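Trainee: Generate a structure from the sequence data that follows.
(2 chains)
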Amino acid sequence: MSEKSKSKPEMAAPTPRPQAKFNPAFDSWLETKLHKIFDSVASEPLPQDLVKLLGQIDEAEERNKK
Amino acid sequence: MANEFHQMLLEHLPRLQAYAIMLTRDRSQAEDLLQETSLRALRAQSQFMMGTNFTAWIYKILRNEYISSLRRKKRQPVQIEDMPAEFLSRKGEQENDVLSREVIAAMDKLQHGQREVLILICASGLSYEEAAEALGCSVGTIKSRLWRARARMASLIMGDEETKTGKGRDFAEPPREMASTASL
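Mentor: This next block holds a predicted model:
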């Protein structure tokens, strides 16, 4: 190693990029799994208090229009 | 419903509720978040331009409300161990339950930004553009975060060595619970 290179300050190691782990089968499995979790929660009934509140707001706006 | 705006809001509520639950992992907090989001959207409806993307707009409101609530209450998301079992699956789906817990436990280990993108795109089905608008960043950032999130999830669920060598769990063949529901 030359003197020039020795005198250079040590540079911080660059942040390693994630290894290439492209796996279409896994990505597809993961997406299906996350969709299922999400859809099972999305299919649950909405909070009744909120539905009632939105209905009341809607009715009030209708009355104001008349 | 009286107008198009209310109709769009109502149609989005189930998916917003699911997004809120996945963000907070707490049903009570998610209900509060959904209510705050709905009221805020109604107050701001004059700011929404019909014909623009309502999905991105309303998801952005919910996300902003969530961040505000975290700041106000200094709450941390509930960890997987604290989540009620019924969050993940219905009775009689034990295999589903185990796999779901494994997936959500892995999501807990992602960086916050990566987890958000995974929920928005892979779980909720938003487009790159909608997710970018909701999170206030570029489509390139979304793609980059999603790529890193998927790679990290693969590493966490399959294990590093298995990911590199292709050995270990074989995702070319879907897990049994997926195969059994594929025809639904």
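Trainee: Excluding chain neighbours, what is closest to B:Met59?
Mentor: In this structure residue B:59 is Tyr, not Met. Excluding the flanking residues, the one nearest B:Tyr59 by CB to CB, 6 or more residues apart in numbering or on different chains is B:Ala134, at 4.0 Å. Using the backbone N, CA and C atoms, a C-beta is placed for each residue, glycine as well.
Trainee: Is there a neighbour count for the one you found? I'd like the number.
Mentor: B:Ala134 has 26 neighbours, counted by other CB atoms under 10 Å in any protein chain shown.
Trainee: Provide a list of residues in contact with it.
Mentor: Applying CB atoms under 8 Å, 6 or more residues apart in numbering or on different chains, we find B:Ala134 in contact with B:Ala56, B:Tyr59, B:Lys60, B:Arg63, B:Leu120, B:Leu126.
Trainee: ok, so of the residues you listed, who is nearest chain A?
Mentor: B:Leu120 (10.1 Å; CB to the nearest CB).
Trainee: helix or strand for the residue nearest to B:Tyr59, which one?
Mentor: Following DSSP states H and E, one finds B:Ala134 within helix B:128-135.
Trainee: Using CSV, write down the CA coordinates of that helix.
Mentor: Provided in CSV are the C-alpha atoms of helix B:128-135 (Å, rounded to 0.1, in the frame of the first residue of the first chain):
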residue,chain,number,x,y,z
TYR,B,128,-48.1,3.3,-5.8
GLU,B,129,-49.5,6.7,-6.6
GLU,B,130,-52.2,6.6,-4.0
ALA,B,131,-49.8,5.5,-1.3
ALA,B,132,-47.3,8.2,-2.3
GLU,B,133,-50.0,10.8,-2.0
ALA,B,134,-51.2,9.4,1.4
LEU,B,135,-47.7,9.4,2.8
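Trainee: buried set for that helix?
Mentor: B:Tyr128, B:Glu130, B:Ala131, B:Ala132, B:Glu133, B:Ala134, B:Leu135 (16 or more other CB atoms under 10 Å in any protein chain shown).
Trainee: In JSON lines: the residues you listed, plus distance to B:Thr24.
Mentor: Putting those into JSON lines (distance: CB to CB, whole Å) gives the following:
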{"residue": "B:Tyr128", "distance to B:Thr24": "24"}
{"residue": "B:Glu130", "distance to B:Thr24": "21"}
{"residue": "B:Ala131", "distance to B:Thr24": "19"}
{"residue": "B:Ala132", "distance to B:Thr24": "23"}
{"residue": "B:Glu133", "distance to B:Thr24": "22"}
{"residue": "B:Ala134", "distance to B:Thr24": "16"}
{"residue": "B:Leu135", "distance to B:Thr24": "17"}
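Trainee: Quick check: next helix or strand after the helix holding B:Ala134?
Mentor: helix B:139-158.
Trainee: Averaged pLDDT, that next one. What do you get?
Mentor: Taken as a whole, helix B:139-158 has a mean pLDDT of 94.
Trainee: For it, buried residues please.
Mentor: Buried residues in helix B:139-158, defined by neighbour count with 16+ other CB under 10 Å: B:141-142, B:145-158.
Trainee: closest to B:Gln7 among those?
Mentor: Closest to B:Gln7 out of those is B:Ile142 (28.2 Å), distances taken as CB to CB.
Trainee: Next up, the contacts around that closest one.
Mentor: Counting by CB under 8 Å, 6+ apart, B:Ile142 touches B:Val117, B:Ile121, B:Tyr128, B:Ala131, B:Ala132, B:Leu135.
Trainee: And the pLDDT at the third one?
Mentor: So the one you mean is B:Tyr128. Value for B:Tyr128, per-residue pLDDT: 97.
Trainee: and it, how far is that from B:Ile121?
Mentor: Separation of B:Tyr128 from B:Ile121 (CB to CB, to the nearest Å): 7 Å.
Trainee: follow-up on the earlier one: format the contacts of B:Ala134 as CSV; extra columns: neighbour count, distance to A:Glu61 and secondary structure.
Mentor: Output for the contacts of B:Ala134, formatted as CSV (neighbours: other CB atoms under 10 Å in any protein chain shown; distance: CB to CB, whole Å; DSSP: H, G, I helix; E, B strand; the rest coil):
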residue, neighbour count, distance to A:Glu61, secondary structure
B:Ala56, 19, 24, helix
B:Tyr59, 24, 24, helix
B:Lys60, 17, 23, helix
B:Arg63, 20, 26, helix
B:Leu120, 26, 31, helix
B:Leu126, 24, 29, coil
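Trainee: That concludes my questions; thank you for your assistance.
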